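Peer 1: What follows is a protein structure lacking sequence information:
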Ligand SMILES: C[S@@+](CC[C@H](N)C(=O)[O-])C[C@H]1O[C@@H](n2cnc3c(N)ncnc32)[C@H](O)[C@@H]1O
């Protein structure tokens with residue numbers, strides 16, 4: 001038997017499989033869902049009946065997302081198309097734009113984030129020892145791909161088909177891995193799709209790379225959904241009408257009563273398996289900034305051939321959202337996943353541009369992914385669960401402090417380290433930093449400074465005499481000057497994964513009331529892989545700050561984004577020069593007019609497109625009933641990061 005072997009395929013004679021942790025999905029946003037739809041779904045859910053289907057855009061690593069889909073959807077997906085990453089440069093970097101700069105926008109390439117680099121290393125990375133053994137990045141890639149394909153196959157319905165977009169270099173390996181998985185029965189019934197690119201051929205000593213392949217695998221050959229497609233012929237032709245002759249046992253030309261061959265005008269023919277599709281032109285409106293964006297006609301063809309209306313389509317490397325957009329337009333249900341934040345943002349924007357868009361949800365695995373990571377990365381040997389958890393959390397905090405280049409300290413409930421004269425708090429993996437947390441952290445910071453337990457040794461008599469005393473504290477002056485003789489300031493950095501809405505606002509109050517300077521830093525998702533951080537310089541960005549002005553007149557509310565501040569370190573110097581006003585950093589903003597402390601329901605949104613690069617910063621809304629409402633505004637910047645702001649309004 002012919003078999004493709006790669007390093008790690010077998011262990012102790014057994015074929016190795018993928019990680020199979022199933023984590024629960026969290027809905028972080030609903031898009032285009034009316035209040036009635038939401039109510040109906042809640043009622044269905046409460047009465048134990050199945051809720052209405054929602055298409056899903058999932059932000060996460062396929063390593064966790066795919067196994068998490070299995071419990072619900074094994075054997076239920078009708079069509080899977082994947083266009084996996086092949087080369088880090090093109091697959092993970094994207095072109096972002098500073099809009100409204102001069103006449104056109106200024107474009108720059110956003111390099112892959114650490115998380116994306118990690119995904120790349122997971123896929124291609126080889127340890128030096130393994131390299132010595134002769135292991136290559138192709139071994140690693142095939143192992144990664146094979147693990148993906150195993151789960152995709154389990155997700156496929158009995159009549160389902162898997163399409164794998166593949167470049168010429170990887171073609172033999174992917175074919176080998178897929179043949180291994182799907183078996184080689186009925187090889188004569190296997191057909192692939194050749195994609196001819198309509199590009200100018202360049203003068204070169206090599207044959208041009210002007211075709212790609214899409215490998216096609218049916219879960220069960222012969223049972224797959226298949227619809228022949230007709231395409232227009234280049235030139236209208238007169239063609240003899242043929243029919244099967246049972247006597248001659250062959251197809252022969254039909255004749256009329258006088259024996260003349262009957263001709264018909266031929267304007268269409270059956271679609272073959274070599275498709276010539278124009279690439280998405282670099283300046284076309286549908287270009288999303290994704291170098292690897294695939295043309296919609298390709299997906300249209302695939303979906304029409306191998307699925308029916310209402311069928312479920314999956315793409316776990318959706319990039320700019322091509323598969324989801326085409327599925328939406330053709331009335332298929334869809335699940336689309338990507339690890340990149342910018343990909344999710346690009347796909348969401350693209351979908352919003354589709355007329356008649358059905359409601360969909362944006363999901364991730366949130367804290368569950370981080371919990372799984374904590375357990376996997378920080379093993380412990382405690383006597384019981386509590387002790388184990390304690391050890392794990394301590395190891396996790398040391399790890400984050402190390403990345404933040406802070407010094408660990410002990411003896412506090414809320415403070416875990418110091419850096420540059422500031423205290424540092426590291427939030428837990430599974431809970432957002434709440435307003436109550438901020439108050440407790442600020443209180444302990446002030447106490448620590450006052451009692452000299454701030455980490456730099458004992459405080460001398462007399463300094464910060466007013467630490468516990470409000471009046472004396474005020475007499476000390478502002479927090480900026482509140483510094484003990486060990487150089488510790490009444491200041492704290494709070495490092496967290498998620499922050500409750502409005503903590504930024506609260507920090508201002510805390511600073512004014514308790515004179516502790518509080519600053520919030522996001523722990524980048526990139527740190528989820530220990531190995532990834534060994535090479536990169538992990539940056540903890542400040543939370544963005546958004547200012548919104550809300551004015552009510554009767555039941556009408558006018559909302560205006562008045563300011564937006566984010567760190568611009570990720571934007572190259574040259575491009576940064578083109579930023580004349582901060583609103584240029586806003587790519588998209590959305591509003592939930594009646595936020596109920598649950599999911600963000602996107603009820604209105606404005607965004608820039610290539611065609612319409614300007615964005616309105618003001619909007620109005622008419623409430624049906626007067627009363628008090630929480631309005632949440634979500635801004636997504638030009639790099640795909642989001643910042644939210646809540647305002648309480650009274651209307652009517
Ligand atoms: C070649 S691009 C797909 C482009 C897409 N077909 C389109 O039309 O825009 C590959 C995508 O896979 C994503 N990706 C890479 N590794 C991933 C992983 N482990 N899990 C999920 N997505 C991943 C990348 O972020 C990238 O967007």
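Peer 2: Structure's in. What do you need? Owing to the predicted nature of the structure, the values given are computational and were not obtained by experimental measurement.
Peer 1: Just the closest residue of the stretch 551-652 of the chain to the ligand, please.
Peer 2: residue 640 (11.2 Å; C-beta to the nearest ligand atom). Glycine gets a C-beta too; all of them are placed from N, C-alpha and C.
Peer 1: Can you get me a residue count around that residue?
Peer 2: A count of nearby residues for residue 640, using other C-beta atoms under 10 Å, gives 21.
Peer 1: Check what pLDDT it gets.
Peer 2: Residue 640 is assigned a predicted lDDT (pLDDT) of 81.
Peer 1: Enumerate every residue touching it.
Peer 2: Applying C-beta atoms under 8 Å, 6 or more residues apart in numbering to residue 640 gives the contacts 340-342, 344-346, 587.
Peer 1: pretty sure residue 567 is in contact with residue 545, am I right?
Peer 2: No - Residue 567 lies out of contact with residue 545 (C-beta atoms under 8 Å); the separation is 10.5 Å.
Peer 1: Next to the ligand in this structure, residues from this structure, please.
Peer 2: Neighbours of the ligand within the chain, by C-beta under 6 Å from any ligand atom: 61-63, 83, 85, 91-92, 119, 290, 292-294, 316-317, 319-320, 322, 337-340, 343.
Peer 1: In strands, which of those residues appear?
Peer 2: Among the residues of the chain next to the ligand, the members falling in strands (DSSP state E) are 337-338.
Peer 1: Make a PyMOL selection of the buried ones in the residues of the chain next to the ligand.
Peer 2: Typed into PyMOL, the line below selects the buried ones among those, using 16 or more other C-beta atoms under 10 Å:
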select buried, resi 61+62+63+83+85+91+92+119+290+292+293+294+316+317+319+320+322+337+338+339+340+343
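Peer 1: mind listing the strands for the stretch 51-200 of the chain?
Peer 2: 55-59, 77-82, 94-98, 106-110, 156-166, 193-197 (DSSP state E, counting those that start in this stretch).
Peer 1: Just say which of these is most tucked in.
Peer 2: Most buried of those, by mean neighbour count (mean count of other C-beta atoms under 10 Å): strand 77-82, with a mean of 25.
Peer 1: gap between that one and the chain center?
Peer 2: 19 Å (C-alpha atoms, centre = their mean, to the nearest Å).
Peer 1: Can you list the strands that that strand pairs with?
Peer 2: When pairs are called by DSSP bridges, strand 77-82 turns out to pair with strand 156-166 (parallel), strand 312-315 (parallel).
Peer 1: I'd like the average pLDDT over that strand.
Peer 2: 98.
Peer 1: Equivalent analysis for stretch 435-450, please.
Peer 2: On average, stretch 435-450 scores 87.
Peer 1: List the buried residues in it.
Peer 2: Quick answer for stretch 435-450 (16+ other C-beta under 10 Å): 435, 437-439, 441-442, 444-450.
Peer 1: Could you single out the nearest of those to residue 368?
Peer 2: residue 437 (20.6 Å; C-beta to C-beta).
Peer 1: Can you pull the phi/psi pair for that closest one?
Peer 2: Taking degrees, to the nearest 10, you get phi -60, psi -50 for the backbone angles of residue 437.
Peer 1: Surely it touches residue 427?
Peer 2: Yes - with contact defined as C-beta under 8 Å, residue 437 reaches residue 427; the gap is 7.4 Å.
Peer 1: May I ask which helix or strand of this structure has the lowest mean pLDDT?
Peer 2: Ranked by mean pLDDT, DSSP states H and E, the helix or strand of the chain with the weakest confidence is helix 470-475, at a mean of 38.
Peer 1: ok, then the element right after that helix?
Peer 2: Once the chain leaves helix 470-475, the next helix or strand it forms, by DSSP states H and E, is strand 491-496.
Peer 1: Within the sheet, what are the partner strands of that next one, with directions?
Peer 2: strand 422-426 (parallel), strand 517-522 (parallel).
Peer 1: Off-centre distance for the first one?
Peer 2: Averaging C-alpha positions (C-alpha atoms, centre = their mean) puts strand 422-426 29 Å from its chain's average.
Peer 1: Touching it from outside, list them.
Peer 2: Residues from elsewhere that reach strand 422-426 (C-beta under 8 Å, 6+ apart): 396-397, 400-401, 404, 406, 414-418, 441, 445, 448, 454-455, 488-489, 491-495, 517, 519, 523.
Peer 1: Give the partner strands of the host helix or strand of residue 418 in its sheet and their orientations.
Peer 2: Following DSSP H and E, the helix or strand that holds residue 418 is strand 417-419. Under the criterion DSSP bridges, strand 417-419 sits next to strand 407-408 (antiparallel), strand 422-426 (antiparallel) in its sheet.
Peer 1: how about the ones you listed in JSON lines, adding mean pLDDT and mean neighbour count?
Peer 2: Output for the strands paired with strand 417-419, formatted as JSON lines (pLDDT from 0 to 100; neighbours: other C-beta atoms under 10 Å):
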{"stretch": "strand 407-408", "mean pLDDT": "94", "mean neighbour count": "14"}
{"stretch": "strand 422-426", "mean pLDDT": "95", "mean neighbour count": "25"}
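Peer 1: and those as JSON lines, adding distance to residue 231?
Peer 2: Converted to JSON lines, those look like this (distance: least, C-beta to C-beta, whole Å):
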{"stretch": "strand 407-408", "distance to residue 231": "66"}
{"stretch": "strand 422-426", "distance to residue 231": "59"}
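Peer 1: Quick one: closest of those strands to residue 171.
Peer 2: Closest approach to residue 171 among the strands paired with strand 417-419 (C-beta to C-beta): strand 422-426, 46.5 Å.
Peer 1: Could you list the domains of this protein?
Peer 2: The record's domain parsing of the chain by automatic domain parsing lists 65-222+279-360, 232-270, 384-534, 545-651.
Peer 1: Lowest average pLDDT across those domains?
Peer 2: Among the domains of the chain, domain 384-534 has the lowest mean pLDDT, at a mean of 75.
Peer 1: Show me where the stretch 301-450 of the chain has its helices.
Peer 2: Applying DSSP state H, counting those that start in this stretch to the stretch 301-450 of the chain gives helices spanning 322-329, 341-352, 366-377, 385-403, 435-451.
Peer 1: Now the residue in the stretch 301-450 of the chain that the ligand sits nearest to: phi and psi?
Peer 2: Taking C-beta to the nearest ligand atom, the ligand has its nearest neighbour within the stretch 301-450 of the chain at residue 319, 2.6 Å off. Phi and psi for residue 319, reported as degrees, to the nearest 10, are phi 50, psi -120.
Peer 1: Quick check: it touching residue 299?
Peer 2: No - applying C-beta under 8 Å as the test, residue 319 and residue 299 come out as separate, 11.8 Å apart.
Peer 1: tell me which element the spatially most distant residue from the centre of the chain falls in.
Peer 2: Taking C-alpha atoms, centre = their mean, the residue of the chain most remote from its mean C-alpha position is residue 258, at 68.0 Å. Counting by DSSP H and E, there is no helix or strand that carries residue 258.
Peer 1: Need the nearest residue in space to residue 328, chain neighbours excluded.
Peer 2: What sits nearest to residue 328 in space, not counting adjacent residues and going by C-beta to C-beta, 6 or more residues apart in numbering, is residue 354, at 5.4 Å.
Peer 1: Identify the residues contacting that neighbour.
Peer 2: If you count contacts by C-beta under 8 Å, 6+ apart, residue 354 has them with 325, 328-329.
Peer 1: I'd like to know which of those are buried.
Peer 2: If you count burial by 16+ other C-beta under 10 Å, the buried members of the contacts of residue 354 come out as 325, 328-329.
Peer 1: From the ligand, how far off is residue 267?
Peer 2: Note on residue 267: its distance to the ligand, by C-beta to the nearest ligand atom, to the nearest Å, is 31 Å.
Peer 1: check contacts around that residue.
Peer 2: 232-233, 236.
Peer 1: ok, so of these, who is nearest residue 350?
Peer 2: Taking the contacts of residue 267 together and measuring to residue 350 by C-beta to C-beta, the closest member is residue 232, at 27.7 Å.
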